[in-house]
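Student: return a 3D structure for these sequence lines:
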Amino acid sequence: MFDEREKIALFIDGANLYATAKALGFDIDYRRLLKEFSAKGYLLRALYYTALAEDQEYSSIRPLIDWLDYNGYKVVTKPTKEFFDSTGRRKVKGSMDIELAVDAMELAEHVDHLVLFSGDGDFRSLVEAIQRKGRKVSVVSTLQTQPAMVADELRRQADHFIDLASLAPRIARDATERPVRPSAERVQNEDD
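Tutor: Residues are numbered from 1 along each chain as shown. Model prediction:
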């Protein structure tokens, strides 16, 4: 699946990865995640995408974002948008799909293997476009939950599917460690 001579880039849909890990009952240790994929080839980039609520004086996800930014990840953020639906309920939207897709298409010219941490079926076209450029794409999500966290069309389009459950023994945070990952990542993505 991986060749140690490959240049690899990780594209992490933060909200999606958080939800998938929670559904599987563990928290991600982002230092271990970086180490895991650095051992598979030359890790050129690890990009983490998340939306942030700007109107809050303190965001519970800020410590994670800062930690990632100082520890080998390129963090890409944008402010969430607040709106009211037709029933008058307050909704928060924070999709990072376009930012991730644009970065992946630009970086595809410089890597051999892209690893997408998301189960969002909207990324199927992105995976197909990257494959047309002659690049391999692996998708990381899970089939172990009911319902599965990965869209069938995305899983089938990918060159390789990696079930996050199989990575858990190597990338899960030890239960004795202080939580690094706050629950604020649960920004509702209206595009999902």
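Student: confirm residue 59 sits in a helix?
Tutor: No. Checked against DSSP: H, G, I helix; E, B strand; the rest coil, residue 59 lies outside a helix; its state is coil.
Student: not counting the strand or helix carrying residue 155 itself, show me its contacts.
Tutor: Secondary-structure element containing residue 155, defined by DSSP states H and E: helix 152-157. Residues outside helix 152-157 that contact it (Cβ atoms under 8 Å, 6 or more residues apart in numbering) are 118-121, 123-124, 127-128, 131, 137, 139, 141, 143, 161. The C-beta positions use only the backbone N, C-alpha and C, and glycine is treated the same way.
Student: can you check stretch 44-62 too?
Tutor: Against stretch 44-62 from outside (Cβ under 8 Å, 6+ apart): 7-15, 33-34, 37, 65, 68, 72-80, 82, 92-96, 99-100, 103, 107, 110-111, 182-185, 187.
Student: residues near residue 77, how many?
Tutor: Neighbourhood size, residue 77 [other Cβ atoms under 10 Å]: 19.
Student: strands paired with the helix or strand in which it is found, and their directions?
Tutor: Assigned by DSSP H and E, residue 77 falls within strand 74-79. Note on strand 74-79: by DSSP bridges, its sheet partners are strand 42-52 (parallel).
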